[in-house]
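Enquirer: model this:
(chains A and B)
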Amino acid sequence: GEQVEQRPPHLSVREGDSAVITCTYTDPNSYYFFWYKQEPGASLQLLMKVFSSTEINEGQGFTVLLNKKDKRLSLNLTAAHPGDSAAYFCAVSGGANYGNEKITFGAGTKLTIKP
Amino acid sequence: GGIITQTPKFLIGQEGQKLTLKCQQNFNHDTMYWYRQDSGKGLRLIYYSITENDLQKGDLSEGYDASREKKSSFSLTVTSAQKNEMAVFLCASSIFRTNTEVFFGKGTRLTVV
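Expert: Numbering: from 1, shown residues only, chains lettered A, B, ... in the order given. Coordinates of the predicted model:
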């Protein structure tokens, strides 16, 4: 089945700096890709989603890059602020076209923003 | 907007006990999921269901049962609680066959004594 590896597990950056979190996946039929944010004590909230091919999505100070050739998904934080401190999870699914409604999550990255 | 309600919020059980976690959603979503989140780790899929009375095993189904009694509810049973099962259990739902956003409940924190 699908394997998703997320790196790094922990990341600490200073306020205003950039940060990059990367996921690699194994199933070439994967079609839907998501990033979720989990603040301490809270549940997961969708941050951004991207579908198919090489694509860049931007919003909320984040950029998501999907490279299907390399089976790699990245989340780039351009200028960190304290509210970005949280755990971030990538998620990958095959979508109904491939008969796979399962969504596989990465192990998560705990991002800490230092003043 | 809709909401996913998980009960109870905190569950304390004894080793070997059978424990049931409940989840209700009012999004009218077809697909529902149960995930387990261990401290500092990612989410592992236990069971999911694509429609009422449907059950699909995830990667971590051993030691658990699930039941999709109706479209809006999905329950999870820990058949025999073990001390290494202390974790947060997250219920989620999504629209079937589009795999867009998955919405999560706030979780049930299980402690086994």
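Enquirer: the residue nearest the centre of chain B and residue B:59, how far apart?
Expert: For chain B, the residue nearest the mean C-alpha position is residue B:34 (2.9 Å; Cα atoms, centre = their mean). Residue B:34 is 12 Å from residue B:59, where distance means Cβ to Cβ, to the nearest Å. (Glycine included, C-beta is placed from N, CA and C.)
Enquirer: need the residues touching each of these two.
Expert: Contact criterion Cβ atoms under 8 Å, 6 or more residues apart in numbering or on different chains; residues bridging residue B:34 and residue B:59 by contacting each: residue B:45.
Enquirer: before we move on, the earlier item: and the residue nearest to the centre of chain B, what are its bridge partners?
Expert: Beta-bridge pairing of residue B:34 under DSSP bridges involves residue B:47, residue B:91.
Enquirer: is it true that it touches residue B:88?
Expert: No: Residue B:34 sits out of contact with residue B:88 when judged by Cβ atoms under 8 Å, with a separation of 11.4 Å.
Enquirer: OK, contacts around the residue nearest to the centre of chain B?
Expert: By Cβ under 8 Å, 6+ apart, residue B:34 lies in contact with B:21, B:23, B:45-48, B:58, B:64, B:66, B:74, B:76, B:89-92.
Enquirer: how about a cut-off of 10 Å?
Expert: Residue B:34 makes contact with B:6, B:21, B:23, B:44-49, B:58, B:60-61, B:64, B:66, B:74-76, B:89-92, B:105, B:108 under the criterion Cβ atoms under 10 Å, 6 or more residues apart in numbering or on different chains.
Enquirer: among those, which ones are buried?
Expert: The neighbour-count test (16 or more other Cβ atoms under 10 Å in any protein chain shown) applied to the contacts of residue B:34 identifies B:6, B:21, B:23, B:44-49, B:58, B:61, B:64, B:66, B:74-76, B:89-92, B:105, B:108 as buried.
Enquirer: between residue B:34 and residue B:88, which contacts overlap?
Expert: By Cβ under 10 Å, 6+ apart, residue B:34 and residue B:88 have these common neighbours: B:6, B:108.
Enquirer: any idea how many residues pack against the nearest residue to residue A:13 once chain neighbours are set aside?
Expert: In space, and not counting its chain neighbours, residue A:13 is closest to residue A:19: 4.8 Å by Cβ to Cβ, 6 or more residues apart in numbering or on different chains. Counted with other Cβ atoms under 10 Å in any protein chain shown, residues neighbouring residue A:19 total 22.
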